[in-house]
Structure formats: C-alpha cells, structure tokens
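Participant: Provided below are the primary sequence and the corresponding predicted coordinates.
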Amino acid sequence: MEQRNKTLGEFLIEHQTAFKYSTGELSKLINALRLAAKVVNHEVNKAGLVDILGAAGETNIQGEDQQKLDVLANEKFIQTLKNREIVCGIGSEEEDDFISINSQDEQHQNKYVVLIDPLDGSSNIDVNVPVGTIFSIYRRVTPIGTPVTLEDFLQPGINQVAAGYIVYGTSTMLVYTTGHGVNGFTLNPAIGTFYLSHPKMQFPETGNIYSINEGNYVHFPQGVKDYIKYCQEEEDDRPYTSRYIGSLVSDFHRNMIKGGIYIYPRSSKARKGKLRLLYECNPMAFLAEQANGLASDGYRRIMEIQPTELHERAPFFCGSRKMVEKAESFMAQYTDS
Ligand code: AHM
Ligand code: MG
C-alpha cells in the first residue's frame, strides 16, 4: 500500500490522548493557529504583487485599504483565537499591552494564554526573503474564570506547554513542540493541508554555520568577538560558514536542519540585545531544547529567566549543543563582557 504522510489534523488527534487530563483544548488551540497561519501565508505570498494590489497605506483597486503585513498578521491571529474562544489572554509583539478574553461560555473557561510574534523579520517582506510567526503557550497561573493579569504572561520559559513557529519560505512549514520532541509540517498549497514532513527534528550536536549580524562587531562584548574569531580560525573543522538571513525563524530553521548557532548578543548600543524574551527567545529555546539543542543568554539557560516585563529583551545564543557551550565558554572569560 502507498505510504501517505499524516496531516497535522490527524497528528493532533492522535497525540491529544498522550496528555494526561487533556480536554483537547490545546489541540484546538494549535488548530486555530494552523488556520490563521494559512490565511497569513496567503497574504505573505501576495506581498510581491504590491504594484498590482497596492502598497501598504494605499487603497487598492477594489477600494480596500492595504495594510502592512505585520499589522494584518497580528489581526488574523488575534481574531482567530478570539473567535474560537480558546484562550483567556494574548500577548503580542504588535500590542503594547496584553489582551484579556472573556469567554461567553460558562462551561468552557479557558486556561491558556498565548504569546505571539505575528510576523517576525517583517523588514524582509519587501525583498522576498522568508519571514515567520512565533508562538508560545502557557497555562494561566491566576484562577480560571477571572480576567487574566500580567502575572499570567510573566512566566519563565520552562513553564511553556507548547511553542512553535511558522516559516513562510520556499515552502511554508509549521514546526511545534508540546514537550515531546519537535515535529515539522509542510503546507501543500494546492489543497491547503499541512503534512508531517519532518518528524522528530533534531539539531546535529555540532555544525559549521554561525549566524550573527557581524556589522555590529565593534559593539559586541569581548566574549562574542573572541567567539567570532574562533569561528573564523583555520583549525580542525573551521573556519565555519557565516549565514545570516536576519529573520530569526529562517536562521533557526536552517541551523536546526544543518547544524549551527544563532547569536543576537547584547551590545554597547542595546544592553539586553534586541530579541524579545517572551515571544521570540523562549519559544525558540523550548524548540531548541526539545530538538537536542541549547539556548542561553550567554551565561544562563534562557528558559530559566524570570521575566519582569511583557516586552522584555534578552541576548540570545541558540543552536547546536556543542556550539552554544563553546560560545558560553568564551563569554565566561570576561566578567564585564
Ligand atoms: P523584528 O521582531 O522587528 O522583526 O526583529 C527581529 C528580527 C529577527 O528575526 C532577526 O534575527 C533580527 O531581528 C535581525 O536584526 P538585525 O537586523 O539587527 O540583525
Ligand atoms: Mg519579532
């Protein structure tokens, strides 16, 4: 008989029973994200038609206002999650404050909050370079049935129940974990279905790719400068290859498949780096650890950091286990770096 890949829908149903006390709420939530992803994918794919459909801020030929894609992606994800009444709160890179959602259904009081970066790397849209959506899911800590508070969002990454990303690339993929490994699903655009294409994804233990914006070199801590020089030395399997798309999801995705390290360090210009702890670093860290990789701020495990702000930033070192350990060993040589 012909072997057929599982669809994401089938996979969700099959794995729902793997969770103790599961009510199917988490599966429904991932299902909703899958749906919004398909809508956003459609919009992202149209981005190149800007001369035909009109640029952001303009009115197109049908009289519709064209929105910036990151704003549109934000609306699509929030709308989908709100309409389906499956979460009690949402935090987004595009929203200053978190959104509290009161379920109308007394019987079904939701326990999950979602943190999302609806369209990461959106500065790449204009030049046809892959962008992504990143999401992170937690169980609320305040009582079910009451409005969510900031406390529900300010949880360390180790409390994540699920996390994942969608990469809108040469093909569109949804990659996620619920703490039982990482699985990747590729969208067949002809029929709008995600198929399990990358089961049990794993970072190679080490690799030969380093991804960092070297244009900021002069502003980097000495430990990072030394590590870059180490990557460039001619010794053993080095020099490594430098690959930096400037789109976290794409850089991470490539490194997970090929073996590599992504670094966005703090610098003399940005003391805590650029990336956001709650909806960029933590979900990627959860995925990395579930795929046998590591994620650190240069000194400590990302997922153990106790956040104090919704849009908090953190330095980020993430990828193949041995490469992250090596970078950390360079950081450890300087107390003030
Ligand atoms: P964004 O959330 O404003 O899109 O910024 C996040 C992005 C990451 O995807 C990417 O790795 C990084 O910013 C690139 O930053 P830089 O241009 O400073 O290298
Ligand atoms: Mg972002």
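Facilitator: That came through, no problem. Not measured: the values here are computed from a predicted model. Ligands and ions are numbered 1, 2, ... in the order given.

Participant: from the protein, which residue is nearest to ligand 2?
Facilitator: Asp120 (3.7 Å; Cβ to the ion). In short, each C-beta sits where N, CA and C put it, glycine included.

Participant: That residue against Pro130, yeah?
Facilitator: No: Asp120 lies out of contact with Pro130 (Cβ atoms under 8 Å); the separation is 10.3 Å.

Participant: more neighbours, the two?
Facilitator: The residue with more neighbours, out of Asp120 and Pro130, is Asp120; 27 against 21, by other Cβ atoms under 10 Å.

Participant: For that one, list each beta-bridge partner.
Facilitator: Note on Asp120: beta-bridge partners Gly132, judged by DSSP bridges.

Participant: Quick check, pLDDT for it.
Facilitator: Per-residue confidence (pLDDT) for Asp120: 94.

Participant: Return the residues in contact with Thr308.
Facilitator: Leu154 (Cβ atoms under 8 Å, 6 or more residues apart in numbering).

Participant: tell me the SS of it?
Facilitator: Of the three states, Thr308 takes coil according to DSSP: H, G, I helix; E, B strand; the rest coil.

Participant: The residue of the chain closest to ligand 2 and Asp251, how far apart?
Facilitator: As defined by Cβ to Cβ, to the nearest Å, Asp120 lies at a distance of 11 Å from Asp251.

Participant: Repeat that for Glu205.
Facilitator: In terms of Cβ to Cβ, Glu205 sits 19 Å off from Asp251.

Participant: can you check Ala285 too?
Facilitator: Using Cβ to Cβ, Ala285 is found at 14 Å from Asp251.

Participant: between these two, who's got more neighbours?
Facilitator: Using other Cβ under 10 Å as the criterion, Ala285 and Asp251 rank with Ala285 on top: 30 against 27.

Participant: Would you state the secondary structure element containing the nearest residue to that one once chain neighbours are set aside?
Facilitator: Spatial nearest neighbour of Ala285, chain neighbours left out: Ala295 (3.3 Å); criterion: Cβ to Cβ, 6 or more residues apart in numbering. Per DSSP states H and E: Ala295 is located in strand 293-296.

Participant: now that strand: mean pLDDT?
Facilitator: On average, the pLDDT along strand 293-296 is 98.

Participant: Next SSE downstream of the helix or strand of the chain with the lowest mean pLDDT?
Facilitator: Ranked by mean pLDDT, DSSP states H and E, the helix or strand of the chain with the weakest confidence is helix 50-53, at a mean of 58. Later in the chain than helix 50-53, the nearest helix or strand by DSSP H and E is helix 69-83.

Participant: That next one and ligand 2 in contact?
Facilitator: No: Helix 69-83 does not reach ligand 2 (Cβ under 5 Å from the ion); its nearest approach is 8.6 Å.

Participant: Give me the packing partners of the helix or strand just after that helix, helices and strands only.
Facilitator: Sequence order places strand 89-92 as the next helix or strand after helix 69-83, per DSSP H and E. Strand 89-92 is packed against helix 69-83, strand 99-100, strand 112-120, helix 150-153, with contacts defined by 3 or more Cβ pairs under 8 Å, 6 or more residues apart in numbering; DSSP states H and E.

Participant: most packed of these?
Facilitator: strand 112-120 (a mean of 27; mean count of other Cβ atoms under 10 Å).

Participant: Show me where the stretch 1-150 of the chain dips below the pLDDT cut-off.
Facilitator: Along the stretch 1-150 of the chain, segments meeting pLDDT under 70 span 1-3, 17-23, 50-67, 103-108.

Participant: The one residue in it that gets nearest to ligand 1 and Gly132, how far apart?
Facilitator: In the stretch 1-150 of the chain, the residue that lies nearest ligand 1 is Gly121 (3.8 Å; Cβ to the nearest ligand atom). Separation of Gly121 from Gly132 (Cβ to Cβ): 6 Å.

Participant: Now do the shared contacts for those two.
Facilitator: Shared contacts of Gly121 and Gly132, counting by Cβ under 8 Å, 6+ apart, come down to 247-250.

Participant: So which of the residues you listed are in helices?
Facilitator: Applying DSSP state H to the shared contacts of Gly121 and Gly132, the entries found in helices are 248-250.

Participant: Same list, these, but as CSV with pLDDT and distance to His180 please.
Facilitator: Shown next, in CSV, are those (pLDDT from 0 to 100; distance: Cβ to Cβ, whole Å):
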residue, pLDDT, distance to His180
Leu248, 98, 24
Val249, 98, 21
Ser250, 97, 25
